[in-house]
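J.: this one's sequence-less:
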């Protein structure tokens, strides 16, 4: 194992602030899945319509990221972060005051336009401020926002949604986000970009990034990594309640335990990603994911303990794939293209997720809001096929970086 460079004090501040910011953005998106059963029953909608609620955010985020990619390397990254975070806060507020299905869909589209770009800006900041041998750890801390959202955010959100209304969690997210906005404003230094990029035409910069063959391989690897999770994620609470037989009141406990496990797994994965071969770690995690998905989609009536164990295995596989994959992807672009590359990468990730959520809604079927989900196992087979394709593209990314380091 190789030695890795320690973080400076400012790098720690940067990682903590970006992680907490990512926590609010991830929570806003992730809370839709556990609220799914409540939303389907309260708004009297079908699984396919709920799939549109989830996919509308992701598709809007993907399109927005594609449009902003050409400008991503022309402006101070801190200013970009604050601008898009402001729009995200406003969109989340709109979700909280939505009174109908159509209002909620429009609010999710608005939130996605701004919130979907946040991840790419954060990753571009990480790539600028950290060495390659530090990025696995840095990105694992960023992804800990995912675990934190499940430990605290989702259980608390479900608790208050069950006792008041499904809109209430969005008001909680708005309050937390406003606090983080001022923390970013005061705690992060200006992050200027390459001055030569300011004279480059935004459209030409976007087109040039898309034309790069090596970049396109990185884009495909990221897109296929996203497809798997989005196929299944929106139906987690509905499957748990109506197929596995877990009461709605026990869902907060399940999400908290799974999130707690993920929270502790992430730093360990980050350390391994910086010390071991990133592709081999990704491959092992992918195989774990295949096993977990195969078990999960075939679960019938079972205990909460079994459901939690399977979810921990599956979420561990997802996170352990994501960290080395993102670290490898961040090494593909040259510095002057990094912002555009990350924006396009995040856009394709969101677009792929939006398409997957929409298709997933077309595959699964529910005879009534209280009936079991049907054809859920078909989604599992699709996910396993997607993972296999993802392994091939990620290996090509690894070969590109390996060849570049040897030259």
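T.: Cool, got the structure. Because the structure is predicted, anything quoted here is derived from the model rather than measured.

J.: chain center to the helix or strand where residue 19 lies, what's the gap?
T.: Taking DSSP states H and E as the criterion, residue 19 maps to helix 9-30. Computed by CA atoms, centre = their mean, to the nearest Å, the chain-centroid distance of helix 9-30 equals 13 Å.

J.: tell me which residues in that helix are buried?
T.: 11, 14-15, 17-30 (16 or more other CB atoms under 10 Å). C-betas here are computed from N, CA, C, even on glycine.

J.: residue 237 contacts residue 35, correct?
T.: Yes. Between residue 237 and residue 35 there is a contact at 7.3 Å, judged by CB atoms under 8 Å.

J.: that older thread, on contacts alone, who are the packing partners of the helix holding residue 19?
T.: helix 77-96, helix 101-115, helix 118-129, helix 132-148, helix 154-163, helix 168-187 (3 or more CB pairs under 8 Å, 6 or more residues apart in numbering; DSSP states H and E).

J.: tell me the mean pLDDT for that helix?
T.: Averaging pLDDT along helix 9-30 gives 83.

J.: for the helix or strand following that helix, give the mean pLDDT please.
T.: Going down the chain from helix 9-30, the next helix or strand is helix 36-42, by DSSP H and E. Taken as a whole, helix 36-42 carries a mean pLDDT of 73.

J.: how distant is helix 36-42 from the center of its chain?
T.: The answer for helix 36-42 is 22 Å, by CA atoms, centre = their mean.

J.: need the residues that contact that helix.
T.: 32, 45-47, 50, 53, 104, 161-162, 166, 234-238, 241-242, 248, 366, 369-370 (CB atoms under 8 Å, 6 or more residues apart in numbering).

J.: try 10 Å
T.: The contact list for helix 36-42, computed with CB atoms under 10 Å, 6 or more residues apart in numbering, reads 32, 35, 45-47, 49-51, 53-54, 101, 104, 158, 161-162, 165-167, 233-242, 248, 251, 366, 368-370.

J.: residue 185 and residue 178 touch, don't they?
T.: No. Taking contacts as CB atoms under 10 Å, residue 185 lies outside contact range of residue 178: 11.0 Å.

J.: what sits in contact with each of these two?
T.: Contacts common to residue 185 and residue 178, judged by CB under 10 Å, 6+ apart, are residue 85.

J.: which of the two has more residues huddled nearby?
T.: residue 178 (15 against 12; other CB atoms under 10 Å).

J.: for residue 383, see how far away the nearest residue to residue 349 once chain neighbours are set aside is.
T.: Spatial nearest neighbour of residue 349, excluding adjacent residues (CB to CB, 6 or more residues apart in numbering): residue 226 at 4.3 Å. Distance, residue 226 to residue 383, using CB to CB, to the nearest Å: 11 Å.

J.: what do the two both touch?
T.: Joint contacts of residue 226 and residue 383 (CB under 10 Å, 6+ apart) are residue 356.

J.: which parts of the helix or strand hosting residue 255 are buried?
T.: Using DSSP H and E, the element containing residue 255 is helix 251-275. Of the residues in helix 251-275, those with enough neighbours to count as buried (16+ other CB under 10 Å) are 251-252, 254-263, 265-267, 269-275.

J.: and stretch 169-180, by the same measure?
T.: Buried residues in stretch 169-180 (16+ other CB under 10 Å): 169, 170, 172, 173, 174, 176, 177, 180.

J.: where does residue 374 fall, phi/psi-wise?
T.: phi -110, psi 160 (degrees, to the nearest 10).

J.: where does the stretch 1-150 of the chain dip in pLDDT?
T.: Scanning the stretch 1-150 of the chain for pLDDT under 70 picks out 1-5, 34, 69-75, 132-133, 135-136, 140, 143-150.

J.: if you set the cut-off to 90 instead, what comes out?
T.: 1-81, 95-105, 112-150 (pLDDT under 90).

J.: same question, the stretch 151-300 of the chain
T.: 151-173, 185-282, 285, 289, 297, 299-300.

J.: again, 80 this time
T.: Along the stretch 151-300 of the chain, segments meeting pLDDT under 80 span 151-167, 189-210, 226-237, 248-249, 252, 255-256, 259-260, 262-276.

J.: spit out the contact partners of residue 243.
T.: 235, 297, 299, 300, 301, 302, 371, 372, 373, 374, 376.

J.: again, only using 6 Å
T.: Contacts for residue 243 (CB atoms under 6 Å, 6 or more residues apart in numbering) come out as 372, 373.

J.: likewise for residue 337?
T.: residue 209.

J.: quick one: it is in a helix?
T.: Yes. Judged by DSSP: H, G, I helix; E, B strand; the rest coil, residue 337 forms part of a helix.

J.: for it, give its distance to residue 104.
T.: Residue 337 is 37 Å from residue 104, by CB to CB.

J.: residue 302 too?
T.: 32 Å.

J.: go on, residue 228?
T.: In terms of CB to CB, residue 228 sits 26 Å off from residue 104.

J.: same question for residue 45.
T.: From residue 45 to residue 104 the distance is 10 Å (CB to CB).
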